[in-house]
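Enquirer: Quick one, structure for this:
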Amino acid sequence: MCQSHTDVNNNALKKSCCSIAASALLFIPFSGFALSLDLAEQLALKSDPRILGYQSTARSYEEASVSDSTLPDPRLLLGAVNVPVDSFDLSQEAMTQLKVGIRQDFPRGSSLEIKQQQSQWLSRSAAALAQDARRKLISDVRQTYLNLYYEVAALEIISETRRLFSKLVNITESSYAAGRINQQDVVQASLELSRLDDRAAKIKGKEEGYRAELTQWIGDQAWNPIDEAFPVLPELPEDIDVNAVITTHPLIQAKNARVNAARKSIDIARQDYKPGWSASLDYGFRSGDNPDGSSRSDLATALVNFDIPLFTSDRQDRRVTSSQEKTNAARYEMDDALRQLKRIYDKELYSWRRHNERVSLYQDSLLASAKDNSRASLQAYQSGVTEFNTLMRAQITELDVRLENLRVKVDRASAHARLLYITGE
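Expert: Numbers count the residues shown, from 1 in each chain. Below you'll find the predicted structure:
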């Protein structure tokens, strides 16, 4: 009876532990999933500091635009005027006053409205730069992922070839033991096997390098297994007007907004030719009595002050000229960005087309020819018709063709990704 009671307690304890463990697993992030390109893009976009930084900058300028359009805070004036220093008696002299007043400054011309517009243009520029950073990030992630995919797939191809070469080593050792071949074939088979191991080590090093590079965007998920399917990218737009596409690119929109903001600087500088002004209203309280015994009257003062911009050659003229040169610099920078984007588009379009032709060539003839040649060489060697050197050249040629086919497909996809940075998707 006691044993049964102990078993019940043990079973209850086990169930409790299992329940706790299952609950804990719900809060442990699972990191063993296969990493696809789409998932890598989502993880990278989740918290990219460049994008978040530009978005914060855009919001800051938007907030500043509201502040820039607001008049300066009014000034409160408090004080005592014409106080006799011999007695500091406020009722001794008729001129003594306790004053309270308010003053409001009004900036020159339409400078407040223009500053607001300038901040709005700067906000648009930062928002466009955030979109450009998003495109750049996706393009960089895609190219790094594609290179990583190549190294992983190439390592698998080399592993398949190594298994075949291991069989060839066994075949040559058996044939050498039977006296059908010389020792040189055995040595060459072992040499080629070692060279494959060296190629695999180099590829593994490159794979780790690309994973480390991917880590900056997606963290430790970069070390997860790679999805076996070849990455699929969005389709490229057809029959596009490249000049129209480039002018609407986020980078050009950002540069154009900067040009407009610089033009507003010219307008602000021109407002300095106009007078600024301020208005003030004071109320002066006087204590004491007049000689006839009547109470002294309080005094009110209203003033309007104006700037007089007479000497403009060393200040206003220079500021306008400086703002014009800054606008020219911003325009030249935008023109250079247009030229750079056009150059990238033309270069990558030609690259994509050539790689597309090469992919078709490999798929239509080279892969099949290399495989048939390898199979025929193996059969001929096993039949004693050909030499071992011929067999090894055929096997290595097939390996190189398979790797080059993979490389061409990846390079075409990389050009595709860079085109998408220009055209959008």
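Enquirer: Low-confidence bits of the protein, can you list those?
Expert: 1-32, 175-176, 178-181 (pLDDT under 70).
Enquirer: mind listing the strands for it?
Expert: 75-81, 97-106, 277-285, 299-306 (DSSP state E).
Enquirer: Serialize those to JSON lines and add fields for distance to Val186.
Expert: In short, each C-beta sits where N, CA and C put it, glycine included. Output for the strands of the chain, formatted as JSON lines (distance: least, C-beta to C-beta, whole Å):
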{"stretch": "strand 75-81", "distance to Val186": "99"}
{"stretch": "strand 97-106", "distance to Val186": "97"}
{"stretch": "strand 277-285", "distance to Val186": "101"}
{"stretch": "strand 299-306", "distance to Val186": "104"}
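Enquirer: can you tell which of those strands is closest to Thr247?
Expert: Evaluated with C-beta to C-beta, the strands of the chain place strand 97-106 nearest to Thr247, the distance being 40.1 Å.
Enquirer: Would you list the strands that the closest one pairs with, along with their directions?
Expert: strand 75-81 (antiparallel), strand 277-285 (antiparallel) (DSSP bridges).
Enquirer: coming back round to it: Thr397 is nearest to which of the strands of the chain?
Expert: Of the strands of the chain, nearest to Thr397 by C-beta to C-beta is strand 97-106, at 83.9 Å.
Enquirer: Domain-wise, how is the protein divided?
Expert: For the chain, automatic domain parsing gives the domain ranges 32-71+110-274+314-423, 76-106+275-308.
Enquirer: quick revisit: could you say which of the strands paired with strand 97-106 is packed most deeply?
Expert: strand 277-285 (a mean of 16; mean count of other C-beta atoms under 10 Å).
Enquirer: what's the angle from that one to strand 299-306?
Expert: 170 degrees (axes from the mean of the first three to the mean of the last three C-alpha atoms, to 10 degrees).
Enquirer: returning to what we had before: just the domains of the chain: most buried one?
Expert: domain 32-71+110-274+314-423 (a mean of 17).
Enquirer: what about that domain, distance to the chain center?
Expert: Centre-to-centre, domain 32-71+110-274+314-423 and its host chain are 13 Å apart (C-alpha atoms, centre = their mean, to the nearest Å).
Enquirer: State the distance from the residue nearest to Ser265 when sequence neighbours are not counted to Ile114.
Expert: Spatially, and ignoring its direct neighbours in sequence, Ser265 is nearest to Ser323 (4.1 Å; C-beta to C-beta, 6 or more residues apart in numbering). Look at Ser323 and Ile114: by C-beta to C-beta, to the nearest Å, they are 11 Å apart.
Enquirer: Mind listing the shared neighbours of those two?
Expert: Residues touching both Ser323 and Ile114 by C-beta atoms under 8 Å, 6 or more residues apart in numbering: Ile268.
Enquirer: who's in contact with Tyr345?
Expert: Counting by C-beta under 8 Å, 6+ apart, Tyr345 has contacts Val242, Ile246, Leu419, Ile422, Thr423.
Enquirer: nope, Gln116 is what I was after
Expert: Ser65, Val66, Asp68, Ser69.
Enquirer: Could you dump the residues you listed into a markdown table with distance to Ala34 added?
Expert: Formatted as a markdown table, the contacts of Gln116 follow (distance: C-beta to C-beta, whole Å):
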| residue | distance to Ala34 |
| --- | --- |
| Ser65 | 47 |
| Val66 | 48 |
| Asp68 | 51 |
| Ser69 | 53 |
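Enquirer: With respect to Leu191, which of those residues is nearest?
Expert: Among the contacts of Gln116, and counting by C-beta to C-beta, the member closest to Leu191 is Ser65, at 72.0 Å.
Enquirer: Am I right that that closest one is in contact with Arg124?
Expert: No - if you go by C-beta atoms under 8 Å, Ser65 and Arg124 don't touch, sitting 10.5 Å apart.
Enquirer: quick one: common contacting residues for the two?
Expert: What both Ser65 and Arg124 touch, as defined by C-beta under 8 Å, 6+ apart, is an empty set.
Enquirer: Now render the contacts of Tyr345 as a markdown table, adding distance to Lys274.
Expert: Below are those laid out as a markdown table (distance: C-beta to C-beta, whole Å):
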| residue | distance to Lys274 |
| --- | --- |
| Val242 | 45 |
| Ile246 | 40 |
| Leu419 | 51 |
| Ile422 | 45 |
| Thr423 | 47 |
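Enquirer: what two of those have the greatest distance between them?
Expert: Ile246 and Leu419 (12.0 Å).
Enquirer: Now Leu148: closest residue in space, sequence neighbours ignored.
Expert: Leu148 sits nearest to Tyr210 (C-beta to C-beta, 6+ apart), 3.9 Å away.
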